[in-house]
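[1] Provided below for reference: sequence and predicted model.
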Amino acid sequence: MNGSNLGERMVAVSFGDVMRRLMAERGVSLRALARQVPCNAGYLSKVSRDLKRPSEDVAARLDDILGAGGALLAAHAPAPVPDSDPDAARLLYVERHPMRIDAVVVDGLAATLASQRRLEDVVGSAAVVEAAAAHLGIVLRLLRDARGPQARRLAAVASEASQFNGWLNTSIGAHDKAGPLYDQALRLGMQAGDEDLAATALSMRGHLAWAIGEYGTMAGLSEAAAGMAAAVGTRTVATQQHGRALALLGEREAALRAIGEAEEMFACGQGGQDDPDGLYFYGAELLTMQRGLILAYLGEHQVAADVIDTGLARLPEAIRDSGWIAWYRAHGARARAAAGEVDAAAAALLKTLPVVDATGSVKARAEIVSAWRQMARRWPGRSCVVELGEALRRR
């Protein structure tokens with residue numbers, strides 16, 4: 001495949017043109033469309049302007065949501081080429097000649113990362129971590145000697161892939177591996193000239209501090225990330241996380257003020273079009289659940305449980321049974337138990353166990369076990385608590 005043929009292919013059909021026309025005809029906004037896919041509105045904005053090529057799965061989902069009748073899939077399909085496997089040949093070539101990396105390869109690496117993120121939502125972190133590490137290794141090898149206009153874009157993909165690998169290792173409890181990955185994501189985000197990628201890395205370092213109980217560090221890193229971020233979603237995530245840290249440190253008024261600021265900035269944001277692709281999952285529902293966490297940390301258990309359940313009920317169906325969402329379900333049930341609603345809490349935890357089994361979520365299981373132990377101490381002979389304990393022992 002020569003360069004002129006590639007250019008002809010890219011000009012001949014515009015996925016973005018078809019997508020924008022359908023959105024206008026259906027009266028659908030980017031943020032509303034992103035919630036249905038689900039994906040990040042910033043990623044979708046770039047797809048609609050032909051700055052990113054969507055994966056085949058995303059193209060099919062958009063075709064279905066917008067009622068395109070195959071028009072988007074047709075626009076997405078590449079023209080026939082004589083090579084038996086041109087994408088594999090291109091990747092092999094640029095691995096051997098990294099200075100000649102092109103936009104198609106960078107798009108492909110970004111699409112692989114996006115697919116791994118959505119796969120993790122379904123099968124859990126443990127099932128994805130090995131493949132994600134291999135993908136990151138390829139990106140870093142290509143970046144080492146890359147030059148030219150695509151080098152900065154490749155650094156951005158490397159930053160996001162490092163952040164994703166950090167998240168996976170945090171989720172499976174490999175905290176010693178997660179820290180260096182987040183530090184690498186920060187450096188690569190700065191190398192890419194993207195302050196929001198750098199801010200996301202700082203914010204995720206703060207998340208790691210939360211996971212290991214270093215709440216002062218969590219507060220400081222989250223505040224720094226919020227100050228660095230330019231995009232609405234990135235700044236919102238860091239601000240709410242700062243609020244959670246303050247709640248854990250017992251600073252009630254400051255914590256409530258921080259979550260209020262996060263909610264206001266998110267509500268006033270204009271589509272989140274500049275957020276990193278990794279924030280595809282973030283929406284008002286998750287922000288509601290995080291307010292619930294803050295209330296639980298502050299001891300307002302009944303209200304906290306109701307707020308978390310409200311957020312859970314509004315989540316897109318595609319991520320409702322993710323392993324990381326299972327942790328929120330368990331924490332909401334724990335708050336309900338602390339409020340004295342033991343039967344409802346036990347029922348919610350029993351309902352969450354199959355999701356934990358399917359995704360292998362270490363963090364969610366630990367939260368369920370912790371909640372059960374607290375319930376067993378308070379209601380040792382209650383039948384629902386006994387049933388939950390037996391269900392845990394069978395696993």
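    Structure received. Values in this document were obtained by computation on a predicted structure and should not be read as measured data.
[2] ok, residue 161 touching residue 136?
    Yes - Residue 161 is within contact range of residue 136, at 4.4 Å (criterion: CB atoms under 8 Å). To be clear about C-beta, it is placed using only N, CA and C from the backbone, and glycine gets the same treatment.
[3] Quick one: the strands in the stretch 101-250 of the chain, in order.
    Read by DSSP state E, counting those that start in this stretch, the stretch 101-250 of the chain holds no strands at all.
[4] which stretches of the chain have low pLDDT?
    1-13, 78-100, 270-281 (pLDDT under 70).
[5] Double-check residue 344 against residue 336; I have them as touching.
    Yes - using CB under 8 Å, residue 344 and residue 336 qualify as a contacting pair, with a distance of 5.4 Å.
[6] Between the two, tell me which one has more neighbours.
    Set side by side, residue 344 and residue 336 show more neighbours around residue 336, with 27 against 16, by other CB atoms under 10 Å.
[7] dump the residue contacts of residue 151.
    For residue 151, the residues meeting the contact criterion (CB atoms under 8 Å, 6 or more residues apart in numbering) are 101, 143.
[8] next one: residue 312
    Applying CB under 8 Å, 6+ apart, the residues near residue 312 are 285, 289, 320, 325, 328-329, 332.
[9] Counting only helices, which of the residues you listed make the cut?
    Applying DSSP state H to the contacts of residue 312, the entries found in helices are 285, 289, 325, 328-329, 332.
[10] now that we have those residues, which one has the most neighbours?
    Most neighbours among the ones in helices among the contacts of residue 312, by other CB under 10 Å: residue 332, with 28 neighbours.
[11] quick one on the thing from earlier: turn the contacts of residue 312 into TSV, columns for distance to residue 391.
    Shown next, in TSV, are the contacts of residue 312 (distance: CB to CB, whole Å):
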residue	distance to residue 391
285	28
289	24
320	21
325	20
328	20
329	15
332	18
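[12] can you list the domain ranges for the chain.
    Domains of the chain are assigned by automatic domain parsing as 1-81, 83-193, 325-395.
[13] ok, now which ones touch residue 321?
    So, once contact is read as CB under 8 Å, 6+ apart, residue 321 ends up touching 355, 358-359.
[14] possible to save the domains of the chain as JSON lines with distance to residue 252?
    Conversion of those to JSON lines gives the following (distance: least, CB to CB, whole Å):
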{"stretch": "domain 1-81", "distance to residue 252": "32"}
{"stretch": "domain 83-193", "distance to residue 252": "27"}
{"stretch": "domain 325-395", "distance to residue 252": "16"}
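[15] For residue 268, which of those is the nearest?
    Using CB to CB as the measure, domain 1-81 is the one of those that comes nearest residue 268, at 12.7 Å.
[16] What count of nearby residues applies to residue 299?
    By other CB under 10 Å, 11 other residues sit near residue 299.
[17] ditto for residue 209
    Residue neighbour count, defined by other CB under 10 Å, stands at 22 for residue 209.
[18] Provide a list of residues in contact with it.
    Listed by CB under 8 Å, 6+ apart, the contact set of residue 209 reads 215, 217-218, 221.
[19] follow-up on the earlier one: which of residue 161 and residue 136 has more neighbours?
    Neighbour tally, residue 161 and residue 136, criterion other CB under 10 Å: the higher count belongs to residue 161, 28 against 22.
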